[in-house]
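J.: Pasting the sequence and the predicted coordinates here, then a few questions.
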Amino acid sequence: MDERTAGWGSGLLGVIIFSGSLPATRVAVADFAPMFLTSARAGLAALLGAIFLFVLRQPLPERKDILPLAIVAIGVVVGFPLLTALALQHITAAHSIVFIGLLPLATAIFGVVRGGERPHAPFWLFSIIGAAAVAGF
């Protein structure tokens, strides 16, 4: 399998796995507190991450990278899962998927505004088509 095919396969696998996270969280918040779910997810991710980093003998991050990594970790490990779990106590997983489906377009817009990135026209075309498809359903 070449690198490009492996990338598409990994991306597809990630989308399939992620597509189950909101319905699973919705089911879980029926019996568990959002703070517990967030802590359990973070602990499991930390354990698996540490194992992979150790087994693959990855170097420690440089000192200058610690603060940016910590900021991202707060959002990705705590913010998104906790806020999602809190929201899913009050709305359905199907409703929440609409908001999550619009995140890539919002991310692209912020990338342009904040980061000065300039994606090509096909990127915007497919982003808008994807957002319209999500909002249409």
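T.: Everything's here; your move. Numbering: from 1, shown residues only.

J.: residue nearest the centroid of the protein?
T.: The residue lying closest to the centre of the chain (Cα atoms, centre = their mean) is residue 76, at 6.9 Å.

J.: Could I get the pLDDT score of it?
T.: Note for residue 76: predicted pLDDT of 93.

J.: which residues touch residue 69?
T.: Shown in contact with residue 69 (Cβ atoms under 8 Å, 6 or more residues apart in numbering): residue 61. (Glycine included, C-beta is placed from N, CA and C.)

J.: How much space separates the closest residue to residue 45 other than its chain neighbours from residue 66?
T.: In space, and not counting its chain neighbours, residue 45 is closest to residue 77: 6.7 Å by Cβ to Cβ, 6 or more residues apart in numbering. Residue 77 sits 15 Å away from residue 66, taking Cβ to Cβ, to the nearest Å as the criterion.

J.: Which one's more surrounded, those two?
T.: residue 77 (18 against 11; other Cβ atoms under 10 Å).

J.: all helices for the chain, in order.
T.: Shown for the chain, the helices assigned by DSSP state H span residues 3-19, 21-28, 34-55, 66-73, 80-87, 93-115, 121-136.

J.: Mean pLDDT for these - can I get that in CSV?
T.: Shown next, in CSV, are the helices of the chain (pLDDT from 0 to 100):
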stretch, mean pLDDT
helix 3-19, 88
helix 21-28, 94
helix 34-55, 95
helix 66-73, 95
helix 80-87, 95
helix 93-115, 86
helix 121-136, 87
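
J.: mind saving the C-alpha coords of stretch 66-78 as CSV?
T.: The C-alpha coordinates for stretch 66-78 follow below in CSV (Å, rounded to 0.1, in the frame of the first residue of the first chain):
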residue,chain,number,x,y,z
ILE,A,66,5.3,22.6,26.2
LEU,A,67,3.0,25.6,26.5
PRO,A,68,1.4,25.2,23.0
LEU,A,69,1.0,21.5,23.7
ALA,A,70,-0.7,22.2,27.0
ILE,A,71,-3.1,24.7,25.5
VAL,A,72,-4.1,22.3,22.8
ALA,A,73,-4.4,19.5,25.4
ILE,A,74,-6.8,21.6,27.5
GLY,A,75,-9.1,22.0,24.4
VAL,A,76,-8.8,18.6,23.0
VAL,A,77,-8.6,16.4,26.1
VAL,A,78,-10.8,18.4,28.5
